[in-house]
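Colleague: Mind looking at a prediction? Sequence and model below.
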Amino acid sequence: MGKKSNAKKIAIAAASTGAAVGAAYFALGNVIYDNFLSRKAVNKRMALNAETAVDDEFYPIAHEGAEWFNSMKPTKVSIVSPQSGYTHAEFIPAKEETDIWVIVVHGYTGSPESMGPYGKKFHEMGYNCLFPHLCGHGKSEKDYVAMGWHDRLDLMGWIAYIINENPNAKIVLFGLSMGAATVMMTTGENLPDNVVCAIEDCGYTSVWDECRVQLKETFNLPVFPFLSAAKSATQARAGYDIKEASCKNQVAKSKTPTLFIHGDKDDFVPFWMQDMVYRAAACEKERLVISGAAHAQAACVDPELYFGTVSEFIKKYI
């Protein structure tokens, strides 16, 4: 009887310990999720970015782009999201009627307005520009950051919207950082022939890889238990697997001609990631490396080379 009683006590203690460890594990995942993948985290970082922007050497370019964007008085458009609810975007038509559209996709803590420097150039090239709000940003009705994975479904919705508006549309996908990841993830889907090419600037190989880099480089934390816990929390709260969310796997299925751009001084989305996605891509492809450019600064460091290459690449497919 005593042995059975002791065994029962040990089993109860083990179960209690296991429950406590499990609770701590999930709590850790929630902390990481709340600080990086929630709308609250995005809003906090956007506010901080706004406060420190004047000290950024590229602030004048960003400011000029934002001023242009607002001066164009973009039309607000929305569609039913493939994921439920609505997804929203801003539309700036070309000066003259054209069948060429560029979907301009912002990055983490970005916005349609922040993509003004790029939109302005595409507008000067004579193209219609559509600027979506990604999950957890701006007018998005989602309260989480999808890191491109669920955003790819919304982007497919915008492609369908453009084709409905203009059946002869020739669509270019362009994205920066997380927006670049969104573009690459989208190209792995079965896209209509209207999508003629894609351009990604400093996108990551996968959400898992990028989170791993940030944990190690920024916080000096190991993958286990931190990233593993974040994976579980993200799966439970946002409904996607950060390991499944892979640009590398998606471009391996892509048939969309793609230009891969990266700055060789990028340590936020490390430069080595460009080589991995470029090598994996099954589509027609080109690459552009901007010497001396840090993360998301390639267009600022060498605008002539950057936009000259982008323009020539687009012209090949329109």
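Modeller: Ah, there it is.
Colleague: drop to CA atoms for contacts and neighbour counts, all remaining ones
Modeller: OK.
Colleague: can you give me the mean pLDDT across stretch 34-50?
Modeller: Per-residue pLDDT over stretch 34-50 has a mean of 92.
Colleague: cool, and stretch 106-120?
Modeller: The average pLDDT for stretch 106-120 rounds to 97.
Colleague: Phi, psi for the residue most central in space within the chain please.
Modeller: Against the mean C-alpha coordinate of the chain, by C-alpha atoms, centre = their mean, the closest residue is M178 at 2.1 Å. When read as degrees, to the nearest 10, the backbone of M178 gives phi -60, psi -30.
Colleague: can you pull the contacts of it?
Modeller: By C-alpha atoms under 8 Å, 6 or more residues apart in numbering, the contact list for M178 reads 106-108, 147-148, 203-204.
Colleague: Now with 10 Å, please.
Modeller: Taking C-alpha atoms under 10 Å, 6 or more residues apart in numbering as the criterion, M178 is in contact with 105-110, 134, 146-149, 151, 184, 200-204, 207, 269.
Colleague: and what of K316?
Modeller: Neighbouring residues of K316 by C-alpha under 10 Å, 6+ apart: 196-197, 257.
Colleague: Closest one of those to E284?
Modeller: P257 (4.5 Å; C-alpha to C-alpha).
Colleague: Could I get the full set of helices for this structure?
Modeller: Taking DSSP state H to define them, one finds helices in the chain at 2-36, 39-52, 59-71, 116-124, 151-165, 178-187, 207-219, 228-238, 247-251, 272-280, 298-301, 303-315.
Colleague: May I see the ones you listed arranged in CSV, with distance to K142 as well?
Modeller: CSV is the format used below for the helices of the chain (distance: least, C-alpha to C-alpha, whole Å):
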stretch, distance to K142
helix 2-36, 14
helix 39-52, 8
helix 59-71, 24
helix 116-124, 23
helix 151-165, 11
helix 178-187, 16
helix 207-219, 18
helix 228-238, 9
helix 247-251, 22
helix 272-280, 28
helix 298-301, 30
helix 303-315, 32
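Colleague: Just give me the lowest mean pLDDT stretch among the ones you listed.
Modeller: When those are compared by mean pLDDT, helix 2-36 comes last with a mean of 61.
Colleague: Nearest to P93, out of the helices of the chain?
Modeller: Among the helices of the chain, helix 116-124 comes nearest to P93, with 8.0 Å by C-alpha to C-alpha.
Colleague: What helices and strands are in contact with the closest one?
Modeller: With contacts taken as 3 or more C-alpha pairs under 10 Å, 6 or more residues apart in numbering; DSSP states H and E, helix 116-124 sits against helix 59-71, strand 86-92, strand 100-105, strand 128-132, strand 170-176, helix 298-301, helix 303-315.
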